[in-house]
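Asks: return a 3D structure for these sequence lines:
(one chain, ligands or ions: 1)
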Amino acid sequence: MKVDIISIFPDYFAPLDLSLIGKARTTGTLNLSVHDLRTWTHDVHRTVDDSPYGGGPGMVMRPEPWGQALDAVGSPGATLVVPSPVGKPFTQAGAHELAGLDHLVFACGRYEGIDQRVIDEAADRMPVREVSLGDYVLFGGEVAVIVILEAITRLLPGVLGNADSLTEESHAAGLLEAPVYTKPVSWRDREVPDVLRSGDHGRIARWRRDQSMLRTLTRRPDMWADYPPENLDKKDRKA
Ligand SMILES: N#Cc1c(-c2ccc3ccn(Cc4cccnc4)c3c2)n[nH]c1N
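Replies: Here you go, the predicted structure:
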């Protein structure tokens, strides 16, 4: 997968050299490039923002640098992903959709956002996905791109050592994950549930499914209302 990120803070993405994303870059699974939007400015101050038409607080990102950046970085198979407070909520299903694409271009806005004409003009020549991480306001899109890119990269072939980690993932099945435990078996007078030490894999699977359902019911009634998701195999539908 080819990924290009355009930002006025390219150093924000230094963490993407670490851990499993860094390994995915080294192995070639992820072909990631980060670009400084100011590359496409031509004034001495390398200006990327200006005051908003119609007045109002803050500044807006100018369209010209973005237009030239997308011209330079885009490709016939590219999809533009724009983190935004007004975007569609980003979900695991959205991560799966993006993980199946060949080329993603992430546009990291700042200030009060990017001139709307950049999004509209881009949509005339490529798919555009405006996505939001949640109902809170960040300073810009960079943190969202790191989150989105991590969710996507986990789904790419060969990135997660144990492929079962993906197939057993509860979010994919519309539930929250069950609690996890490791050694020691007793810690500060708290014991690992006996079932997890029973060696009875069927019983363990049922316990984990029950815990996932209980957590989802009590913590995420919105998810519970949609459970089971349409995409769930019939074999997984039994309680
Ligand atoms: N994804 C996502 C986001 C953002 C987000 C993303 C991109 C930009 C670019 C600029 N801002 C700041 C800003 C813009 C408009 C009004 N108020 C503040 C951003 C916020 N905030 N919250 C999320 N879940």
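Asks: for this protein, what lies in contact range of the ligand?
Replies: 83-85, 87, 109-110, 112-113, 132-134, 136-141, 144 (CB under 6 Å from any ligand atom). For every residue, glycine as well, the C-beta is placed using N, CA and C.
Asks: so what strands line up beside the helix or strand containing V3?
Replies: Using DSSP states H and E, V3 maps to strand 2-7. Strand 2-7 has the following strand partners under DSSP bridges: strand 31-36 (parallel), strand 103-107 (parallel).
Asks: among the ones you listed, which is the most enclosed?
Replies: Sort those by mean neighbour count, taking mean count of other CB atoms under 10 Å, and strand 103-107 sits at the top with a mean of 24.
Asks: restricting to C-alpha, output it in CSV.
Replies: The C-alpha coordinates for strand 103-107 follow below in CSV (Å, rounded to 0.1, in the frame of the first residue of the first chain):
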residue,chain,number,x,y,z
HIS,A,103,-3.0,4.6,-2.7
LEU,A,104,-4.1,6.8,0.2
VAL,A,105,-3.3,10.6,0.3
PHE,A,106,-3.9,12.1,3.8
ALA,A,107,-4.5,15.8,3.9
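Asks: what lies in contact with it?
Replies: Applying CB atoms under 8 Å, 6 or more residues apart in numbering, the external contacts of strand 103-107 come out as 1-6, 66, 70, 73-75, 77-83, 98, 114, 118, 126, 141, 145, 148-149, 152.
Asks: if we can go back for a sec, what subset of the residues of the chain next to the ligand is buried?
Replies: Neighbour counting over the residues of the chain next to the ligand (16 or more other CB atoms under 10 Å) leaves 83-85, 87, 109-110, 113, 132-133, 138, 140-141, 144 as the buried ones.
Asks: and D102, how close does it get to A69?
Replies: Look at D102 and A69: by CB to CB, to the nearest Å, they are 19 Å apart.
Asks: need the contact list for G77.
Replies: Per CB under 8 Å, 6+ apart, neighbours of G77: L101, D102, H103.
Asks: and the longest strand along the chain, what does it pack against?
Replies: Across the chain, the strand with the greatest residue count (assigned by DSSP state E) is strand 78-89. Contacting strand 78-89 under the criterion 3 or more CB pairs under 8 Å, 6 or more residues apart in numbering; DSSP states H and E are the following elements: helix 92-99, strand 103-107, helix 116-123, strand 128-132, helix 142-153.
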